[in-house]
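1. I would like to see how this sequence folds:
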Amino acid sequence: MSDFYPRPSFKRDSYFPLTKGEIVFNDGSRQNINLPFAPESQLSGVKYEFGKVREYKYEIPFTLPEDFIKDRVLLHIGAVRQIATVFINGSKVAEHKDAYSSIDVDITEHLKKDNLITVEVYCDTLDFSFPYGKQRGKRGGMWYTDISGIWQSVWLESVYDGYIKDVKISTTLNSVYMNFDGISDGEILLDSKTYLIEGGECDIKIENPVLWTPENPHLYYFTVTSGKDKIESYFALRTIEVKDNKLLLNEKPYFFHGVLDQGYFEKGILTPESPTDYKEDILKMKSLGFNMIRKHIKIEPQIFYYYCDKYGMAVFQDMVNNGKYSFFFDTALPTVGFLRKNDRRIHKNLTDRENFISCMKSAVEKLSNHPSIVQWTIFNEGWGQFCADDMHDLMILCDPSRPIDSASGWFKANNTDFDSRHIYFRKLKAKKSDKPLFISEFGGITYKVDGHTFGENTYGYGKAKTREEFKNALRNLYENQVIPLKKEGLCATVYTQLCDVEDEINGLLTYDRQVMKILPEEFNDISERLIYEE
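-> Numbers count the residues shown, from 1 in each chain. Now for the predicted structure:
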């Protein structure tokens, strides 16, 4: 992990990774741990079996080379579940409550020659007020092994006083606007030309623009210099909108042929062994003809989205659910057609709502510069859903540039850009709607590859006993149901799913990623038949 700079879209020449530490349990026992892997995972070197409440601390020692330190030293912890209190050499520097947003703190005033970071962790797996996605203390079926503690990169960088804190980027088809935090003036070097930053802003007209698409993911790389500070970044020229019941990419109708990606890994749970595992997943899906990933109720590290930007994989990004889940009301009844209509009267706990909104805002803040992200999904299948119409309006305030699926699956919202449906047990079909039809989940055909499973249990929708049966069932589903719906207004689909996940054996890849259940030459012609004709 230490070989990969964790923030490619805002890169400095200063990087000090922290990959080793100790985990100290309440009884005083301690064990070495590999960072950033959660202690429940095999890759952590711990693989500890906790109870429902998990309370422990990390001790992470470090000594900085003298030539590393400029004026300030910043500590970054990508994500910690749920409550983290951070100390540097005994001094408290941060307290954080979440599981999917980062801790970023200036630790300069507390540094010595030899230093110790202490992170106290408290995680109550039955406290559903915090976003948790598909994690469950009692895993099984569509719920997966849960984690606690650090699960994204821990690292240090050093900066000069007056450093560039952030940049927000927005684009049209022929221009880019940048708004900087932390500086008021500086220079941007782009395509061998220099542009001035004035009042923290810069607006650049692009000559002979090259647009970003999944087929041609062109990125414009640039550098920013302000005083002694320098960062490297990139942007892409693309637009996304809903018009005439179609999704338009760069003002042209575009069919998003997608696959559901849970972001789970056999040995690391929420964290891959190497960031290149993200890249391999993306490239394998592209080889099958997919041009979109629906990132399912998980916020990934920045490097995942960089690979999507670079290699041309559009992302429909879910927010992460919290709140209590009811199988009867949230899954069983909707599956057979009984849908709740009023979501203002459910999930009314104020703390739950505030935590969800906070996580949603931080996700948009973190990810909005990535051109690959072309859509936001707020709620999935009613999990934690409340006031979806209001959340849609709030999301627009956070980011007016992307379409929004306010309620993916069945508990419909009025304020949404899609007629979004999950269809597993019925034939795919279109109904009259004033919104583009988006089948946001379907498929899930199970096929067990012996020697490449998590356990003996199986979960999915439909069953294939052989590889040939799986291939034929998958092709028949697209040829006989998906492709005919394109002329009836279907604008996007999401097949379940990229890979097997624990009991779910309905992936296109096995959980260990060693076997592709269908080969590119057996399936990628489907994508050509989903392209809109000019």
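2. tell me the contacts of residue 483?
-> 526, 529-530 (C-beta atoms under 8 Å, 6 or more residues apart in numbering). Using the backbone N, CA and C atoms, a C-beta is placed for each residue, glycine as well.
3. repeat for residue 94
-> Taking C-beta under 8 Å, 6+ apart, we find residue 94 in contact with 84-86, 103, 105.
4. That one in helix, strand or coil?
-> The three-state assignment at residue 94 reads strand, by DSSP: H, G, I helix; E, B strand; the rest coil.
5. Is it bridged to anything, and to what?
-> The partner list for residue 94 in beta bridges (DSSP bridges) reads residue 86.
6. Quick check: buried residues in stretch 187-201?
-> Residues 188, 190, 195, 197, 200 are the ones in stretch 187-201 that count as buried (16 or more other C-beta atoms under 10 Å).
7. How about stretch 274-286?
-> Quick answer for stretch 274-286 (16+ other C-beta under 10 Å): 275, 277-279, 281-282, 284-286.
8. Equivalent analysis for stretch 462-481, please.
-> By neighbour count on 16+ other C-beta under 10 Å, the buried set for stretch 462-481 is 462, 464, 470-471, 473-474, 477-478, 481.
9. among the helices and strands of the chain, which has the poorest mean pLDDT?
-> helix 333-335 (a mean of 73; mean pLDDT, DSSP states H and E).
10. which ones are touching residue 8?
-> By C-beta under 8 Å, 6+ apart, the contact list for residue 8 reads 302-303, 306.
11. do that again at 10 Å, thanks
-> Residue 8 makes contact with 232-234, 275, 302-303, 305-307, 309-310, according to C-beta atoms under 10 Å, 6 or more residues apart in numbering.
12. all strands of the stretch 251-400 of the chain, in order?
-> Counting by DSSP state E, counting those that start in this stretch, the stretch 251-400 of the chain has strands at residues 252-253, 256-261, 292-295, 314-318, 373-380.
13. ok, residue 461 touching residue 447?
-> No: contact criterion C-beta atoms under 10 Å: residue 461 and residue 447 do not qualify, at 11.7 Å.
14. what residues are shared contacts of those two?
-> Jointly contacting residue 461 and residue 447 under the rule C-beta under 10 Å, 6+ apart are residue 506.
15. is residue 499 in a bridge, and if so with what?
-> residue 509.
16. how many neighbours does it have?
-> For residue 499, the neighbour count with other C-beta atoms under 10 Å is 28.
17. There's contact between it and residue 261 in this structure, I believe.
-> Yes: applying C-beta under 10 Å, one finds residue 499 in contact with residue 261, separated by 8.1 Å.
18. Please spell out which residues along stretch 484-493 are buried.
-> 485-486, 489-493.
19. and what of stretch 422-434?
-> Applying 16+ other C-beta under 10 Å to stretch 422-434 flags 422-423, 428, 430 as buried.
20. Domain-wise, how is the chain divided?
-> Annotated domains of the chain cover 16-159, 166-235, 240-528 [automatic domain parsing].
21. Overlap of the contact sets of residue 499 and residue 261?
-> Shared contacts of residue 499 and residue 261 (C-beta under 10 Å, 6+ apart): 281, 285, 507.
22. Could you give the number of residues near the residue nearest to the first one when sequence neighbours are not counted?
-> What sits nearest to residue 281 in space, not counting adjacent residues and going by C-beta to C-beta, 6 or more residues apart in numbering, is residue 498, at 6.2 Å. In terms of burial, residue 498 registers 26 neighbours under the definition other C-beta under 10 Å.
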